[in-house]
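Visitor: sharing a sequence plus its predicted fold:
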Amino acid sequence: MSSHESSSDHASGRSVGDFISTYVFSRDHKIIGVQFLFSTLLWFLVGGLLALGIRWQLAWPWSNMPVIGRMLFSGEGGQISPEFYTMLFTMHATVMIFFVIIPILAGAFGNFLIPLMIGADDMAFPTLNMLSYWFMWPAFICIGASFFSAGNGAAAGWTSYPPLSAVPEAAPSSGTAQTLWLMGVTFVGVSSMMGSVNYLTTIIQMRAPGMTMFRLPLTIWAMFITAVLQAFALPVLTAAGFMQILDRVVGTGFFLPEGLVVNNSAPASGGGQPLLWQHLFWFYSHPAVYIMILPAMGMVSDILSCFSRKPIFGYKPMVYSISGIAGLGFIVWGHHMFVSGMNPVLGMTFMVATMMIALPSAVKVFNWLGTLWGGKIQFTTPMLFALSFVSMFVIGGLSGIFMAATPVDIFIHDTYFIVAHFHYVLFAGTAMAVFGAIYFWFPKMFGRMMNETWGKVHFFFTFVFLNGTFYTMHILGAVGFPRRLADPYHYETFRHLMPMNRFMTLCAIGMVSVQIIFAINFIMSIFSGKKVGRNPWGANSLEWTAPSPPGHGNFDFQPIVYRGPYEYGSPEVETDFYMQIEPPPKSDDEESLADDT
Amino acid sequence: MGRFWSLLFLLVPVLGVGIFVWAAADIWPLRNHWLPEDISEHGIAIDSLFDFIMYLTGVIFIITGLAMFIFLWKYDAASNAKPVQFVHGNHVLEIVWSILPAAILLFIALYQLEPWSANKLARPSLPGPDGVLHTDDDLPMLPIAEVTGRQFEWRIRYAGKDGVIGTPDDLHTVNDLRLPIDQEIVLAIKSQDVLHSFFLPNFRVKQDVVPGMKQHVWFTATKTGAYDIVCAELCGWGHYKMKGRITIEHRDDYDQWIKDLESSQNLTELASR
């Protein structure tokens, strides 16, 4: 059955099909992608508000939060208690990582873009794809319930280090919340696993005729490598999660040593090792760091090339560096554990591997700059976000070298220097790239443009406020200001840092507030944005040949691919873009090639 | 608008470097917004490595930031009339910008091995039976005190007269660690319940304490005074309160303090008989 026939089959099914099978339990990759997008954007809001709670306590410790304090913690008189503060940063990280960054990249954009960009009518396993979204819901419910369960929610940090996480007596207020947290994270793992198996199969098996691996857009390469990372790293986290649940609920001792005296009550068993959890956790969670940035790098490459109106610089080195990052990503997890009590000799080997992983990242930055060189740069909203990704990723990458240096890490480990680093990579990097991707692919998702002027206003204020919030964290880190303290001013060394923290909090409030502009623009544009045709940006890749929005089955013709996706400004054609499906102008020696296809 | 956005991106390296210079130069309002005073011998190597990486990354930060600004300014579609450079890459450039960073990174990697092993591997030792230091017969220096983390305090136990921890003449304090100046100090650190991290910002010392493991830290203090002991690993609701003080004293003051501690503990012991 050709894709053309299948698309008309589905289309007729859609017209009579009821609302639920079309929009709720849909097996269409585009609907699933949009479901992921809406869910993750809502959680983005939750995560952002949790962050404001943290910032409030660091700027005006122990003082009543205006307005929302009474609503949220009326039992505590509007004040953030230490238990509540611990819950805030635990859940901020959990929500942002497991419910926003990972699912918005792989779930929303992976789902939406992979079949469209490779010229397939859907994913290889549509039902599995549907399940991968619906397995997020038990996770949403578990984590949501942990907010409201007895006590004050999960309180062991997003890293959930035992014994604090594994011995209920160690954090009495966490109660069932910690167990729910572990189950929630496990469900996210199941969802991601289903997704990654599907992405791998789809990219390997379902590419359109002529779409060789080296004609894939870098977005797809990044999604492909990300799926490999997930498929190989996730089982370890899932196993570790089950071991911790057993430690917590059944009384095993995988992560609990002998002779532990917690809160005057000794746990029943022992003989385990707390460091074992850290190894297992980071064996997943360090590759996960790349799961959280590689797709963003891919999407940024596509946006940069499109709005420079110029081929991406060094396509193959880009592919190799994505692969290099992924490969090395499996042997650098120990750099989270330099001062954990792990053998210091092991620290040296992890340090060398970590230094080397900076290399492919540097190569990518140079190639992005090379892409800008000699182009005709259009400062559209998606382009601004993509440019800011490059600019901010440089900061996040360079600050990584400080902490990769083991002796320096002794001092800055667990300080705000680390917090600055990963916010530069994850917020200033990935989240900004995601904003860019939303502005870029919105016309394909909904058939309408987002407002460009308001998009630029949104970009400007987000960019300014994010630097005000996060750049200053480097300075705090240089003083040794530790993470996760409900009241750092308790220490003489850090008492004088409160004014700077207040400045950061004001910037953070500004940063969250300007997202209202984005939210309004996003919602309004779905209903009343300017309608667009198939290719509003003049881009090359296959998704821009499908209708906007594409119907069920995606393409109303069989796409055949003749070239890579970055042939902007080619002298062969009059337009400044040269779509992948456009047959080459027939000259004598090319005629035979065209006949073959 | 291209000009405006180019300048916005130019602000990144300008302000980024500016703020670091401002804080490092200790100018109001960023007084004391930099590495806290180092009063340990080994901290010098750590701080100079920090500075070295900062200068190096600073140069790369400025170069990439400027390149980006220049490209955005020069190749703005609104003002750039030239046709685009239809190139797909450059083999020589790729090799240059792969090998150059690789060499720099490898250099940093090797450069830091020495301070790392001094801090975490080479525990101070005493001459062994042969009476000569730095031979295979060296004995590891015994800890002067043992610090035990528990929710949410640091319990400190001095060896007492016999120099061995775990005997009846041990002396106990809570959150109050006093040590002599200008002397190699070895501390045993451990945890009774959950993870903690023994962080001395002014000594550039940080070591997680893991229940079930016995670890050691070592340093030599070069200045007297009282400094913070910070817990740097989340250990529960009262994590922020797990604060101790480390006081560096001259040898005489330290000996006197130990003597006082001993006599007060002996008084209690006598009274209990």
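Guide: Sure thing, it's come through.

Visitor: ok, now which ones touch A:Tyr320?
Guide: A:Pro360 (Cβ atoms under 8 Å, 6 or more residues apart in numbering or on different chains). For glycine as for every other residue, the C-beta is placed from the backbone atoms N, C-alpha and C.

Visitor: for the helix or strand where it lies, buried residues please.
Guide: A:Tyr320 is located in helix A:315-329, with elements delineated by DSSP states H and E. Neighbour-count burial for helix A:315-329 flags A:315, A:317-319, A:321-326, A:328-329 (criterion: 16 or more other Cβ atoms under 10 Å in any protein chain shown).

Visitor: chain neighbours aside, what residue packs nearest to the residue of chain B found nearest chain A?
Guide: Nearest to chain A, among the residues of chain B, is B:Gly212, at 2.6 Å (Cβ to the nearest Cβ). Leaving aside its sequence neighbours, B:Gly212 sits nearest to A:Pro257 (Cβ to Cβ, 6 or more residues apart in numbering or on different chains; 2.6 Å).

Visitor: the one you found - how many residues pack around it?
Guide: 20 (other Cβ atoms under 10 Å in any protein chain shown).

Visitor: and it, which of the three is it?
Guide: What DSSP: H, G, I helix; E, B strand; the rest coil gives for A:Pro257 is coil.

Visitor: enumerate every residue touching the nearest residue to B:His239 once chain neighbours are set aside.
Guide: Spatial nearest neighbour of B:His239, excluding adjacent residues (Cβ to Cβ, 6+ apart): B:Cys231 at 6.0 Å. Going by Cβ under 8 Å, 6+ apart, B:Cys231 touches B:149, B:152, B:154, B:196-199, B:239, B:242-243.

Visitor: got phi/psi on the residue minimising distance to the centre of chain B?
Guide: By Cα atoms, centre = their mean, the mean C-alpha position of chain B lies nearest to B:Arg204, the distance being 3.3 Å. Main-chain dihedrals, B:Arg204, degrees, to the nearest 10: phi 50, psi 40.

Visitor: the residue nearest to it when sequence neighbours are not counted and A:Ile410, how far apart?
Guide: In space, and not counting its chain neighbours, B:Arg204 is closest to B:Gly43: 3.7 Å by Cβ to Cβ, 6+ apart. Plainly put, B:Gly43 is 9 Å away from A:Ile410 if you go by Cβ to Cβ, to the nearest Å.

Visitor: between these two, which is the more surrounded one?
Guide: The neighbour comparison of B:Gly43 against A:Ile410 (other Cβ under 10 Å) goes to B:Gly43, with 28 against 23.

Visitor: break chain A down into its structural domains.
Guide: Using automatic domain parsing, the domain ranges for chain A come out as A:1-205+A:217-258, A:381-530.

Visitor: for the stretch 451-597 of chain A, give me the ranges with low pLDDT.
Guide: Scanning the stretch 451-597 of chain A with the threshold set as pLDDT under 70 gives A:587-597.

Visitor: now the strands: where do they sit in the stretch 151-273 of chain B?
Guide: For the stretch 151-273 of chain B, applying DSSP state E, counting those that start in this stretch gives strands covering B:153-158, B:171-174, B:176-180, B:184-191, B:196-200, B:205-209, B:215-220, B:225-231, B:244-249.

Visitor: to B:Ile108, which of the ones you listed lies closest?
Guide: Closest approach to B:Ile108 among the strands of the stretch 151-273 of chain B (Cβ to Cβ): strand B:205-209, 20.2 Å.

Visitor: report the angle between the axes of that closest one and strand B:196-200?
Guide: Put simply, strand B:205-209 runs at 170 degrees to strand B:196-200, going by axes from the mean of the first three to the mean of the last three Cα atoms, to 10 degrees.

Visitor: what mean pLDDT does strand B:205-209 have?
Guide: In this model, strand B:205-209 has a mean pLDDT of 96.

Visitor: buried ones in that strand?
Guide: For strand B:205-209, the neighbour count (16+ other Cβ under 10 Å) marks B:205-209 as buried.

Visitor: and which of those is nearest B:Tyr55?
Guide: B:Tyr55 lies nearest to B:Lys206 out of these, by Cβ to Cβ, at 23.6 Å.

Visitor: any idea how far the closest one lies from A:Phe25?
Guide: 51 Å.

Visitor: can you name the next helix or strand after the lengthiest helix in chain B?
Guide: Longest helix of chain B, by residue count under DSSP state H: helix B:43-74. Moving toward the C-terminus from helix B:43-74, the next helix or strand (DSSP H and E) is helix B:91-111.

Visitor: now the strand or helix carrying A:Ile401, how far from the chain's geometric center?
Guide: Following DSSP H and E, one finds A:Ile401 within helix A:381-404. The chain centre lies 15 Å from the centre of helix A:381-404; the measure is Cα atoms, centre = their mean, to the nearest Å.

Visitor: on contacts alone, who are the packing partners of the helix or strand following that helix?
Guide: The C-terminal neighbour of helix A:381-404 among helices and strands, as given by DSSP H and E, is helix A:406-412. Applying 3 or more Cβ pairs under 8 Å, 6 or more residues apart in numbering or on different chains; DSSP states H and E, one finds that helix A:406-412 contacts helix A:344-372, helix A:381-404, helix B:43-74, helix B:113-120, strand B:205-209.

Visitor: give me the contact list for whichever helix or strand comes after helix A:406-412.
Guide: On the C-terminal side of helix A:406-412, the nearest following helix or strand under DSSP H and E is helix A:416-425. With contact meaning Cβ under 8 Å, 6+ apart, helix A:416-425 is reached by A:289, A:292-293, A:392-393, A:395-397, A:399-400, A:402-403, A:412, A:469-471, A:473-474, A:476-478, A:481-483.

Visitor: show me what the next helix or strand after helix A:416-425 is packed against.
Guide: Counting by DSSP H and E, the element after helix A:416-425 in chain order, helix or strand, is helix A:432-446. Contacts defined by 3+ Cβ pairs under 8 Å, 6+ apart place helix A:432-446 against helix A:29-59, helix A:111-118, helix A:294-308, helix A:381-404, helix A:452-479, helix A:498-528.

Visitor: residue contacts, A:Leu280?
Guide: A:236-237, A:239-240, A:243.

Visitor: what of B:Asp26?
Guide: Here B:Asp26 is in contact with B:32-34 (criterion: Cβ under 8 Å, 6+ apart).

Visitor: ok, those residues vs A:Gln273, which is closest?
Guide: Nearest to A:Gln273 out of these is B:Trp34 (Cβ to Cβ; 37.8 Å).

Visitor: confirm that that closest one sits in a strand.
Guide: No. Assigned with three-state DSSP, B:Trp34 falls outside any strand and is coil.

Visitor: still on that earlier bit, any idea which of the helices and strands packed on helix A:406-412 has the lowest pLDDT on average?
Guide: Mean pLDDT is lowest for helix B:113-120 among those, at a mean of 92.

Visitor: hang on, the earlier thing: including distance to A:Val185, could the buried residues of strand B:205-209 go into a markdown table?
Guide: Formatted as a markdown table, the buried residues of strand B:205-209 follow (distance: Cβ to Cβ, whole Å):
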| residue | distance to A:Val185 |
| --- | --- |
| B:Val205 | 33 |
| B:Lys206 | 28 |
| B:Gln207 | 28 |
| B:Asp208 | 23 |
| B:Val209 | 26 |
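
Visitor: surely the residue of chain B closest to chain A touches A:Gly253?
Guide: No. Under the criterion of Cβ atoms under 8 Å, B:Gly212 makes no contact with A:Gly253, lying 10.5 Å away.

Visitor: what sits in contact with each of these two?
Guide: Contacts common to B:Gly212 and A:Gly253, judged by Cβ under 8 Å, 6+ apart, are A:Gly270.

Visitor: which helix or which strand is home to residue 123?
Guide: You didn't pick a chain, so chain A it is. For A:Met123, there is no helix or strand it lies in under DSSP H and E.
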